[in-house]
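J.: coords below, sequence missing:
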């Protein structure tokens, strides 16, 4: 992974000192609230319902054992002993003291970490495939390019005060695990016929109040132009994006207003004037950054497939875990393991300091000391030798990190919701909780197959409800918490936005509604058909009929009784 | 009382900002861009959202351009400054006026602004400190076009 050099360390140290000074001036009454709000947001600090929330950047979801141990000790020393893995592959602390944040940032800087631009109207943490560099279906490792964008966008003189937040995601594999279609800029990396890295650039995707799928505005962009092309997009956005209404300020609104064609022409015209400027990447720099992500020297490990087969036969829960949470690796006899945080009784994405320390240890015992955080809010160990899977599984089970549900219904993506967030209309964690409790039978879940269920507590959509195969959105109805359910969203290849099924439900109804939706799928599905493909074939009606007809019957019954 | 910071120092303001044109306009006046043609003023002020392609050439010939920031955190003036310097070759004084918060001046400076009108002396001194708080940056800017890595390689 990328190693900080003297320059990076010095930069970070100065940035921490700068923020400490800003905090001191705020506490001394020299900076007004509304100004300090913007300054602290650019260092990841929100003021939430109960306490401040600090969002720590984990660039493109990659960190090492030392960094994770630091996150564990910070959550122990400055917080309540746990952290929250976010859908932007970051880690959030829910209970830090505002005055202590500069100390936390200084501790983070010691291990090359920070909270820079994890919030505010600026370029946010650049994200990518959590399996980048190791996935069997990968064409190019996207992390070096994410790192180039991280450096370029950090404390950018012109683009730190945009109309609204700005999210960039990259994907270098055949399967899109980075949800590039729903980002302000989504970049698909390819290798062209002559072996060069090129980019397809999508713009104007996003979730939130007005969800949109990004439009392709440039194909086969040569790699050296990455930064100047993004500069052109951001300049057009910074100059023409709306600033009069925060709900219309994202780039997707501008792209839609201009049309993707006209927006693309404007970007091209701007780019013609700046390409070749000193921000154009040099071959040496590309090689330097790409070199930081060279794969480790994989020692040969034994082919353990026959032992593994008998272990799977003997222990059915281990078998389930292998089936669900272990992915194919580029290297023979190595595997990629997802350690699910989705266990009954725990808010999705929450991890304790003890779990963080344990995962850090395992990353060294069963790999090269590297850990990933996925946007589905799980930990990933990228280099686990096949013959050590059983040992890792037992350890993970003891720590509550071995739920065999990666990609299944109970691998719920969920925002912190009304329990913590001051923006939320409704609670989301208790809904996730009820779903995890109700659907805990592995055979049933496995039979349902791949199913993304995403929950957001408000239309800001931090829980990505628009792109859940089943999406749940918390809404406020005259002061009561209600939930709107949508079907057919998808964040991966062939991305789509979910359609709302109908009037919303009270919290006590939600789990029953989910159950009926699943029943419809089971009744209608063809052999081997996933929930999403079944929905796309049969449409909304059968689902709607079952949910609302039964709903009205039960209401009639209730009234009669 | 507003205080002018120029090249990281508090200085006396020798210019006069004019909002509506009186009969006589001195050469050291900063007039609204739309009224520039009728005067012999060498300075003009503009809003951050003007279409720079329409005005850039005219502005580039002046001694002073003041860009008005309507509110804290409105970054349009940053793009405007960058384009006036890099695209239209403006060499005169580029002055930030309006909502100029000390913590924003480091960004403005790197987008080509060399003068800042702050609310008072405390703010002016804070701005000078803010502009000195970071010594180097990853990406290039108007005042240092080369990104850090190119300079590292050069020596």
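T.: On my side now, so go ahead. Computed from a predicted structure; not experimentally measured.

J.: for chain B, give me the ranges with low pLDDT.
T.: Residues of chain B meeting the criterion pLDDT under 70: B:22-23, B:153-155.

J.: and the residue of it found nearest chain A, what is it in contact with?
T.: Closest contact between chain B and chain A, by Cβ to the nearest Cβ, is at residue B:75 (3.1 Å). The way it works is simple: take the backbone N, C-alpha and C, and place the C-beta from them, glycine included. Contact analysis of residue B:75 by Cβ atoms under 8 Å, 6 or more residues apart in numbering or on different chains lists A:158-162, A:238, B:107.

J.: I figured residue A:354 hits residue A:399, correct?
T.: Yes - using Cβ atoms under 8 Å, residue A:354 makes contact with residue A:399 at a distance of 7.3 Å.

J.: more crowded one of the two?
T.: residue A:399 (17 against 14; other Cβ atoms under 10 Å in any protein chain shown).

J.: now do the contacts for that one.
T.: Residue A:399 touches A:354-355, A:358, counting by Cβ under 8 Å, 6+ apart.

J.: closest to residue A:470 among these?
T.: Distance to residue A:470, by Cβ to Cβ, is smallest for residue A:355 among the contacts of residue A:399, at 27.7 Å.

J.: number of nearby residues for residue A:29?
T.: Counted with other Cβ under 10 Å, residue A:29 comes out at 7.

J.: and it, what does it touch?
T.: Taking Cβ under 8 Å, 6+ apart, one finds nothing in contact with residue A:29.

J.: ok, it to residue A:60 distance?
T.: 39 Å (Cβ to Cβ, to the nearest Å).

J.: and whichever residue of chain A sits closest to chain B, how many neighbours?
T.: Residue of chain A nearest chain B, by Cβ to the nearest Cβ: residue A:161 (3.1 Å). By the measure other Cβ under 10 Å, the count of residues near residue A:161 is 25.

J.: from residue B:73, how far out is it?
T.: 5 Å.

J.: then residue A:311?
T.: In terms of Cβ to Cβ, residue A:311 sits 57 Å off from residue B:73.

J.: neighbour-wise, which of these two wins?
T.: Set side by side, residue A:311 and residue B:73 show more neighbours around residue B:73, with 21 against 16, by other Cβ under 10 Å.

J.: I figured that one was touching residue A:121, is that so?
T.: Yes - counting by Cβ under 8 Å, residue B:73 does reach residue A:121; the two are 7.0 Å apart.

J.: overlap in contacts of those two?
T.: With Cβ under 8 Å, 6+ apart, residue B:73 and residue A:121 have common neighbours residue A:161.

J.: tell me which residue lies nearest the centroid of chain A.
T.: residue A:375 (2.5 Å; Cα atoms, centre = their mean).

J.: can you classify that residue by secondary structure?
T.: For residue A:375, the secondary structure call by DSSP: H, G, I helix; E, B strand; the rest coil comes out as coil.

J.: what sits against it?
T.: Residue A:375 touches A:61, A:87-89, A:127, A:130, A:178-179, A:413, counting by Cβ under 8 Å, 6+ apart.

J.: out of these, who's near chain B?
T.: Among the contacts of residue A:375, no residue sits close to chain B (Cβ under 8 Å from any Cβ of the partner chain).

J.: which one of those residues has the most neighbours?
T.: residue A:178 (32 neighbours).

J.: if we can go back for a sec, list phi and psi for the residue of chain A closest to chain B.
T.: Here is the backbone geometry of residue A:161 (degrees, to the nearest 10): phi -130, psi 60.

J.: would you agree it is in contact with residue B:77?
T.: No - the pair residue A:161 / residue B:77 is not scored as a contact, 9.0 Å apart, by Cβ under 8 Å.

J.: can you map out the helices along chain B?
T.: Assigned by DSSP state H, chain B shows helices spanning B:52-60, B:76-86, B:105-110, B:121-131, B:148-154.

J.: relative to residue A:203, which of those is closest?
T.: Short answer: helix B:76-86, nearest of the helices of chain B by Cβ to Cβ, at 17.6 Å.

J.: what residues does the closest one touch?
T.: Contacts for helix B:76-86 (Cβ under 8 Å, 6+ apart): A:157-159, A:161, A:235, A:238-239, A:243, B:46, B:48-50, B:52, B:56, B:59-60, B:65, B:67-69, B:90, B:94, B:96, B:107-108, B:111-113, B:142.

J.: could you find the closest non-adjacent residue to residue 130?
T.: Unless you meant another one, I'm taking chain A. Spatial nearest neighbour of residue A:130, chain neighbours left out: residue A:374 (3.8 Å); criterion: Cβ to Cβ, 6 or more residues apart in numbering or on different chains.

J.: hm, I was asking about chain B
T.: residue B:102 (5.0 Å).
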